[in-house]
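Chemist: kindly generate the corresponding structure for this input.
(chains A and B)
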Amino acid sequence: MSRPAAVPTITRGGRGSLVGGGVMLLVVVLLAAVVPYVVTLGALSSLVMLFALVILGTTWNLLAGYGGMVSVGQQAYVGVGGYALIQLADAVGAPPWLAVLAAGLIGAAIALPTSYLVFRLAGGYFAIGTWVVAEVFRLVTMRIDGLGGGTGLSLSAFRGTDRVERVAFVYWFALALMIAVVLGTYLLMRSRVGLGLTAIRDDRVAASSLGVAVDRGRRLVYVAGSAGAALAGALVALSTLGVTPGSIYSVSWTAAMIFIVVVGGIGTIEGPLVGAVLYWALQQALAPLGTWYLVVLGVVAVGVVLLAPRGLWGLVAGRYQLFPTGYRVGAVAPDATVARRAGE
Amino acid sequence: MDWLNAGVQGVLLGGQYALLACGLSLIFGVMRIVNLAHGVLAVLAAYLSLVLVQQGLPLWLAIVVVVPLFAALGYAVQRGLFNPALAQVGQDAAGGARGAGELAPLLVSFGVAVALTNLLQEVFSADTRKIPTGDLASAGLPLGDLSVGVLPLLTLGVAVAVIAAVQLFLARTSTGRAMRAVADDAGAAAMTGVDPKHMYAVATALAFATLGLAGVFVGMSTQFSPGYGDLVLLFAFEAVIIGGLGSLWGTLAGGMVLGLAQTIGAQIDPQSGVLAGHLVFLAVLVVRPGGLMPRSVQA
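Modeler: Got it, this is the predicted structure:
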């Protein structure tokens, strides 16, 4: 109370982040060391899908939450990743883990030239333009000899591998990949580049006037987001042992990404984690109802955008930040409640 | 002769795409919303008229029912969903709460599209349907050695009439003037006594009415299913971009270019029609990103 009022405290994170980080570490340890030994193989495969959804949501959030680009065409890269994995693992003979990583790189390599095309469209027209690109990818894939046409491909690299061994490998690998993607996104957002991206998210024009390279930043998130979609597509193909053009290039991947990000909380790193778990749980719970769950998801997404635009995480964020990216200036007011409010 | 036939069919097909694109272009022109539910709403109109026809209503009466119904739906959707979403864009611009912000209308329309597509799938199944039209679908007029379908010709005629009517409405009526004023500057228009929220809803009602009409024509000429809405959205969008933003006559030209690309592509290889259309769209985007007839008339 006797401190001079002119010296504010600057903090990043805080006790909430430490506790949250500890909880997350515990969850990761449970997922890595306990869960595989107590649940069925089917449940493990289903968890692989959850990890893929986290990757999809996290990387779509890079595009929409930080780049301001709503892409309805990220299934293009899910498809590229799936097909690339099978080609690399089967035709080239690469080990599956390497094939997944390479599939992500291939997704990035294709996204870079594509970005010059789709960046000619702005806002909503960008959304549909990316969808057209995804359709072109699907139609071209179906016409390339050796990619199985309309029936797709099945993965044979695991032939001869024990089923338990295969599912366990895919599970641990997917878990590691998910952690790498989320941590990578966190580190990216903490970096100087991330600061620029956050500025672009908040106000593109003001960011540009302060010297943030807006176009380069947007291209970076488009390429990184597409690489993430390709990684997820490769994981899906690895887990389901095959691809069909109709399902791996389906716009429902993008519907899932949008739901995960919007309902979880757009423009935050924690939001897509929450959204992915919710989406996955709803999918599991409502699966017997057929496509009704998609009706529910659509309605819930509309409701969240209109009534709670910052998503579920937004309802608690500010109080807790699991991934502290920014610095906070804590006022040194004598009244503790004022200080707390300023800290929020 | 096959090529000439493909050309004529393509131009006529363009009429359908232009009719579909009209509402997309109008909503974007007035309030900068891209309605991702556009395609599935057209399919909804097709299902509604199919049900009415199956109940024994003549087709023309089904159209008379569906079009005003869609206008009312448009007014309600704008008031209930799009206007609140637009309010968030305003908040975002004013530095308000962070969130979906300027993406809100797009995300809302996508949510509607996902819900409606799957609702239609639950109600009508994923089987393809077609509105029975008696002899109309197969009737043709002899033109030299060619036979020109009556239904595509009728669709093109309706498309031209609708575009002309919308243009006249925007240019000559006081409501149309108010709509253009709101599109240019909603705040300034509000000061002159125009209610932007009402005007937006009127614009969406008009757009949905043209969309309902377009949906019925799609249902008469094409085998449709709930998922067909995706393609409808893409084709309408491609017609708008090829033609040039903000120009309804440009959209008609864009629809014809798209139709030509598809029929000529299908002539070269029967499986490549849709792909050829997409590729022509991407080529236009590279070579002439403003479209063929950019901004000749602002909607």
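Chemist: how about the strands in the chain?
Modeler: I went with chain A, as the question did not name one. Taking DSSP state E as the criterion, chain A contains strands spanning A:9-11, A:153-154, A:242-243, A:328-330.
Chemist: other chain: chain B
Modeler: B:140-143, B:146-149.
Chemist: list the contacts of the first one.
Modeler: Here strand B:140-143 makes contact (CB atoms under 8 Å, 6 or more residues apart in numbering or on different chains) with B:8, B:147-150, B:153. Every C-beta, even on glycine, is put in place using the N, C-alpha and C of the backbone.
Chemist: list buried residues within these.
Modeler: B:8, B:148-150, B:153 (16 or more other CB atoms under 10 Å in any protein chain shown).
Chemist: just checking, B:F224 touches B:D230?
Modeler: No - at 11.3 Å, B:F224 does not count as touching B:D230 under the criterion of CB atoms under 8 Å.
Chemist: so between those two, which is more surrounded?
Modeler: B:F224 (24 against 20; other CB atoms under 10 Å in any protein chain shown).
Chemist: and the gap between that one and chain A?
Modeler: Separation of B:F224 from chain A (CB to the nearest CB, to the nearest Å): 17 Å.
Chemist: which pair in the contacts of strand B:140-143 spans the largest distance?
Modeler: With CB to CB as the measure, no two of those lie farther apart than B:V8 and B:V150, at 13.2 Å.
Chemist: max-length helix in chain B?
Modeler: helix B:2-31 (DSSP state H).
Chemist: so what does that one touch, helix or strand wise?
Modeler: Judged by 3 or more CB pairs under 8 Å, 6 or more residues apart in numbering or on different chains; DSSP states H and E, the packing partners of helix B:2-31 are helix B:38-54, strand B:146-149, helix B:150-172, helix B:174-184, helix B:196-221, helix B:228-243, helix B:248-268.
Chemist: can you pull the buried residues of that helix?
Modeler: For helix B:2-31, the neighbour count (16+ other CB under 10 Å) marks B:6-31 as buried.
Chemist: between it and helix B:150-172, how big is the angle?
Modeler: 30 degrees (axes from the mean of the first three to the mean of the last three CA atoms, to 10 degrees).
Chemist: how far is helix B:2-31 from where the chain is centred?
Modeler: Put simply, helix B:2-31 sits 9 Å off its chain's centre (CA atoms, centre = their mean, to the nearest Å).
Chemist: tell me the angle of it relative to helix B:174-184?
Modeler: Using the same axes, to 10 degrees: helix B:2-31 against helix B:174-184 is 80 degrees.
Chemist: now the angle from helix B:2-31 to helix B:38-54?
Modeler: 110 degrees.
Chemist: how about the residues of the stretch 151-299 of chain B near chain A?
Modeler: Neighbours of chain A within the stretch 151-299 of chain B, by CB under 8 Å from any CB of the partner chain: B:230, B:233-234, B:237-238, B:241, B:245, B:271-272, B:274-275, B:278-279, B:281-282, B:285-286, B:289.
Chemist: and those, which of them are buried?
Modeler: B:230, B:233-234, B:237-238, B:241, B:245, B:272, B:274-275, B:278-279, B:281-282, B:285.
Chemist: now stretch A:110-126 - C-alpha only, CSV.
Modeler: This file holds the C-alpha atoms of stretch A:110-126, laid out as CSV (Å, rounded to 0.1, in the frame of the first residue of the first chain):
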residue,chain,number,x,y,z
ILE,A,110,0.4,-27.1,-52.0
ALA,A,111,-1.2,-24.4,-49.8
LEU,A,112,1.5,-21.9,-50.7
PRO,A,113,0.8,-21.5,-54.4
THR,A,114,-3.0,-21.9,-53.7
SER,A,115,-2.9,-19.0,-51.3
TYR,A,116,-2.0,-16.6,-54.2
LEU,A,117,-5.2,-17.8,-56.0
VAL,A,118,-7.7,-17.7,-53.1
PHE,A,119,-6.2,-14.5,-51.6
ARG,A,120,-7.7,-12.7,-54.6
LEU,A,121,-11.0,-13.1,-52.9
ALA,A,122,-12.0,-11.3,-49.7
GLY,A,123,-14.3,-12.1,-46.8
GLY,A,124,-17.3,-14.3,-47.7
TYR,A,125,-16.2,-14.8,-51.2
PHE,A,126,-12.9,-16.2,-49.9
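Chemist: can it be found next to chain B?
Modeler: Yes - Stretch A:110-126 comes into contact with chain B (CB under 8 Å from any CB), by way of A:117, A:120-121, A:123-125.
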